[in-house]
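Visitor: output the structure for:
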Amino acid sequence: MTPTIAHIGIAVPNVETALRFYRDVLQVPTRGPEEADGARIVHLDFGSSEVELLEPLEADSPIGKFLARRGPGIHHVCYRVPNLDAALTAAREQGYTLIDETPRTGAGDCRIAFLHPKSTDGILIELTEALAGASD
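Guide: All right, here's what the predicted structure looks like:
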């Protein structure tokens, strides 16, 4: 399996307001909302990948802090990898800074881990494991 883009996370002050464009103009199928990591998350289905709209539940949550510093916009890119543990080991061995030293459970009960943007050219990268039975 080749790594693929799982989703792009977009920080927004209000999911319902942001959702109007995707739902009413693009007519993208949605799933959610759900809550994880201090955010209300709505998933937008773009075929083999998704866009996640991320609304902070609290001002001091990761998304709340991001919005206060940078305003609305792309928060992170998530790549689906065949083996999350192996990818984290390789990243660590190559000198990348891991936010999550071991995988944890994220939205949708997926195993995830983040790499620090200071070591990835300014992009917050999330890694997630391939879906069972995926053969990309």
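Visitor: quick one: stretch 84-91 to chain centroid distance?
Guide: Relative to its parent chain, stretch 84-91 has a centroid offset of 17 Å by Cα atoms, centre = their mean, to the nearest Å.
Visitor: list the buried residues of it.
Guide: 84, 87-88, 91 (16 or more other Cβ atoms under 10 Å). To be clear about C-beta, it is placed using only N, CA and C from the backbone, and glycine gets the same treatment.
Visitor: please, where are all the strands along this structure?
Guide: 4-11, 30-36, 39-45, 50-56, 73-81, 104-105, 111-115, 125-129 (DSSP state E).
Visitor: contacts for the shortest one?
Guide: Translated: strand 104-105. Contact with strand 104-105 is made by 111-113, as judged by Cβ atoms under 8 Å, 6 or more residues apart in numbering.
Visitor: would you mind measuring from residue 57 to residue 47?
Guide: With distances defined as Cβ to Cβ, to the nearest Å, the gap from residue 57 to residue 47 amounts to 29 Å.
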